[in-house]
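Undergrad: Need a 3D model of the following:
(2 chains)
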There are 2 protein chains.
Amino acid sequence: MKILITSGGTTEQIDSVRGITNHSTGKLGKEMAEHFLKAGHQVSLVTTKAAVKPNASEQLSIYHITNVASLIQTLKPLVENHDVLIHCMAVSDYTPVYMTDLEEVKETTDIETLLKKSNQETKISSSSDVQVLFLKKTPKVISMVKEWNPNIQLIGFKLLVDVTEDQLISVAKDSLTKNKADYIVANDLATISADSHKAFLVSKDEVLSLATKSEIAETLLKKVTYYD
Amino acid sequence: MKILITSGGTTEQIDSVRGITNHSTGKLGKEMAEHFLKAGHQVSLVTTKAAVKPNASEQLSIYHITNVASLIQTLKPLVENHDVLIHCMAVSDYTPVYMTDLEEVKETTDIETLLKKSNQETKISSSSDVQVLFLKKTPKVISMVKEWNPNIQLIGFKLLVDVTEDQLISVAKDSLTKNKADYIVANDLATISADSHKAFLVSKDEVLSLATKSEIAETLLKKVTYYD
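TA: Residues are numbered from 1 along each chain as shown, chains lettered A, B, ... in the order given. From the prediction side, this is the model:
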């Protein structure tokens, strides 16, 4: 099968020297890629420069992206010709629109007008004591996947922080329906460490409790290749 | 001599999954460390997880930091017992104070009150279309160095983007005086590439024009060990 995996975290530029980064080592995506490669599948990995990667292999293609815009551009044609998408990447929810000092914000009667501005300078000056950064929502990549290819098996990820198991599963079920995903892996940053990676694999019919990155990869491998 | 080098870029957390990062590969600091190690000096390198590093060596100690607060904590005792600080690190000018949606900003009469708020949630919700991030200036680490140790030789760095050579040199001279630095390496992101790294080495008495990372390291080595 042709397996598409995303890993790492996107960075949205503020200016030419600074950006907002979603932290992600890429370890889970690497583990995932290694399991599918070992089972003889062809893997395309869409990832970032900073993320850890599997060893080179003839069956593995790697694509580098930076921000949400470049992710969409790279992912769309790949989604169209793959059988499965495992979307582990930590994708930025917001992207910078305009950064200014507190004075301009105070002096502006209709704050909405600031959302139509943009920074002309390549490196925003750092003279004022307080700066205000306006950010707008990025397009939800996961919601586009089934529009690009209704036949792809879609595995999404939900990362929350310090919530109850019920909340985690409930958020995963919402995402399952909203994004027409086949599985959602729901995990909590508070229960992820070097050795363990607690997660729930949530589908329409079941909720499986998993304990390590390797177990998540192994279980997904079985699930998505079941009819292969 | 005991040489202290900083490299890489700091990250200021927005919440537990996102942060603002100053981009820096760590290549210049690595080159610097390698030149001083080769010349028989003892090197302490203060850097980030993501930055590239020299090979392990008995003469090399590595210290990892993340944000400006941890940089100051790690750097102060080191500055006190080193002969030279080469401060290549890209340090965040601003750190997040409070992130909220546009509605709260619009409804707040005195915007300054928002600067006294902080986010209680570990992962800031991503439901609103626009978010507003308030940031405050971080302490200027370079300005503290000579207070911590008046006898240390201080080499600072100034990175600007797409300015004239005159502007670059003028900004470097200001920094030299303000921070009581011995040398400022002034460079422009627009003239840095994989093979070349144009820079001016500015001191009270002279301005040298340099062309590569290796040349910058070699020249600094000669300058700071001249009286050794």
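Undergrad: give me phi/psi at the residue lying farthest from the centre of chain A?
TA: Distance from the C-alpha centroid of chain A peaks at A:Glu107, with 37.4 Å (C-alpha atoms, centre = their mean). The phi/psi pair for A:Glu107 (degrees, to the nearest 10) reads phi -80, psi -10.
Undergrad: do you know how far it is from B:Val185?
TA: 38 Å (C-beta to C-beta, to the nearest Å). Yep, even glycine has a C-beta here, placed from its N, CA and C like the rest.
Undergrad: Please pull up the helix or strand immediately following the worst-scoring helix or strand of chain A on mean pLDDT.
TA: Ranked by mean pLDDT, DSSP states H and E, the helix or strand of chain A with the weakest confidence is helix A:102-107, at a mean of 91. Next helix or strand after helix A:102-107 toward the C-terminus (DSSP states H and E): strand A:130-137.
Undergrad: Averaged pLDDT, that following strand. What do you get?
TA: Strand A:130-137 shows a mean pLDDT of 96.
Undergrad: Same question for stretch A:84-91.
TA: Stretch A:84-91 shows a mean pLDDT of 97.
Undergrad: Need the contact partners of that stretch.
TA: Residues from elsewhere that reach stretch A:84-91, judged by C-beta atoms under 8 Å, 6 or more residues apart in numbering or on different chains: A:1-10, A:22-24, A:28-29, A:32, A:46-47, A:68, A:71, A:79, A:138, A:141-142, A:145, A:152-157, A:159, A:185, A:220, A:224, B:17.
Undergrad: List the ones among these that fall in strands.
TA: Per DSSP state E, strands hold the following members of the contacts of stretch A:84-91: A:2-6, A:22, A:46-47, A:153-157, A:159, A:185.
Undergrad: Let's see if you can find the most crowded of those residues.
TA: A:Thr6 (30 neighbours; other C-beta atoms under 10 Å in any protein chain shown).
Undergrad: The least confident helix or strand of chain A - contacts with which helices or strands?
TA: In terms of contacts (3 or more C-beta pairs under 8 Å, 6 or more residues apart in numbering or on different chains; DSSP states H and E), helix A:102-107 is packed against strand A:130-137.
Undergrad: mind checking how far the residue farthest from the centre of chain A is from A:Val132?
TA: Distance, A:Glu107 to A:Val132, using C-beta to C-beta: 12 Å.
Undergrad: all helices of chain A, in order?
TA: With DSSP state H as the criterion, chain A has helices at A:27-38, A:68-80, A:102-107, A:141-148, A:165-178, A:213-224.
Undergrad: hmm, who's touching the shortest one?
TA: Just to be clear, that refers to helix A:102-107. Applying C-beta under 8 Å, 6+ apart, the contact partners of helix A:102-107 are A:Ile111, A:Leu114, A:Ser128, A:Asp129, A:Val130, A:Gln131, A:Val132, B:Val105, B:Ile111, B:Glu112, B:Phe134.
Undergrad: Need the CA coordinates for that helix. CSV is fine.
TA: Output in CSV follows, covering the C-alpha atoms of helix A:102-107 (Å, rounded to 0.1, in the frame of the first residue of the first chain):
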residue,chain,number,x,y,z
LEU,A,102,1.1,49.0,22.2
GLU,A,103,0.8,52.6,21.2
GLU,A,104,-0.7,51.9,17.8
VAL,A,105,-3.2,49.5,19.4
LYS,A,106,-4.2,52.1,22.0
GLU,A,107,-4.6,54.8,19.3
